[in-house]
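S.K.: Got a predicted structure plus its sequence, pasted below:
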Amino acid sequence: MQPTRALLGMRYRKLRLTTKDVNKGFYKGTGSGSMGRHTSRGGYIIEWNKVRTFVCPDLTGFKLTPFVTNNVKRTYGQYDTKLGPKDPQEYLARWKSENGLD
C-alpha cells in the first residue's frame, strides 16, 4: 500500500495520523492496554498477569539524586483543623508563609 501522490510530495506523511486523516474505522486509542475484563453483571475483574510492574534497580552508591529540594519539611500530622491539608485557610496561610504576600 502506497500513499497517494498528493501526500507523497508533502511532508504530511511524517505527521501523526488523526481520525480526520483516514477513513471510517480508524481507532487511535490511548496506548494503554486493558488490565482485566468486564463481567456480565457490570463488574470488572483485574487480571494480575496483565498489570504492568516496574522494578527499581538497587540504587546504593548511585550519584544522581531526585530533583527535590532539601528545604521541604514533612507535614505528617501538623494540621490543626479537621480537614487537614484540604482546608482552604490552612492552604492559603502556608502559601503566604512560603511564598510571601501577593
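M.R.: Noted; the coordinates are in hand.
S.K.: Which positions in the longest helix belonging to the chain come out as buried?
M.R.: For the chain, the helix reaching the highest residue count under DSSP state H is reported as helix 88-99. When burial is assessed from 16 or more other CB atoms under 10 Å, helix 88-99 yields the following buried residues: E90. Heads up, the C-betas are built off the backbone N, CA and C, glycines and all.
S.K.: I'd like the mean pLDDT over that helix, please.
M.R.: Average pLDDT, helix 88-99: 83.
S.K.: what distance separates it from the centre of its chain?
M.R.: 27 Å (CA atoms, centre = their mean, to the nearest Å).
S.K.: Now for this structure, the helix or strand with the poorest mean pLDDT.
M.R.: helix 5-9 (a mean of 56; mean pLDDT, DSSP states H and E).
S.K.: Whichever helix or strand comes after that helix packs against which elements?
M.R.: Tracing the chain past helix 5-9, the next element assigned as helix or strand by DSSP states H and E is strand 36-38. Judged by 3 or more CB pairs under 8 Å, 6 or more residues apart in numbering; DSSP states H and E, strand 36-38 is in contact with strand 44-46.
S.K.: Dump the longest helix of the chain to PDB, keeping only the CA atoms.
M.R.: Only the C-alpha atoms of helix 88-99 are listed here, as PDB (Å, rounded to 0.1, in the frame of the first residue of the first chain):
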ATOM      1  CA  PRO A  88      -8.500  26.300  52.300                       C
ATOM      2  CA  GLN A  89      -7.500  28.700  55.100                       C
ATOM      3  CA  GLU A  90      -4.600  26.400  56.000                       C
ATOM      4  CA  TYR A  91      -3.500  26.200  52.400                       C
ATOM      5  CA  LEU A  92      -3.500  30.000  52.000                       C
ATOM      6  CA  ALA A  93      -1.700  30.500  55.200                       C
ATOM      7  CA  ARG A  94       1.000  28.000  54.200                       C
ATOM      8  CA  TRP A  95       1.300  29.500  50.700                       C
ATOM      9  CA  LYS A  96       1.800  33.000  52.100                       C
ATOM     10  CA  SER A  97       4.400  31.800  54.600                       C
ATOM     11  CA  GLU A  98       6.400  30.000  51.900                       C
ATOM     12  CA  ASN A  99       5.900  32.400  49.000                       C
END
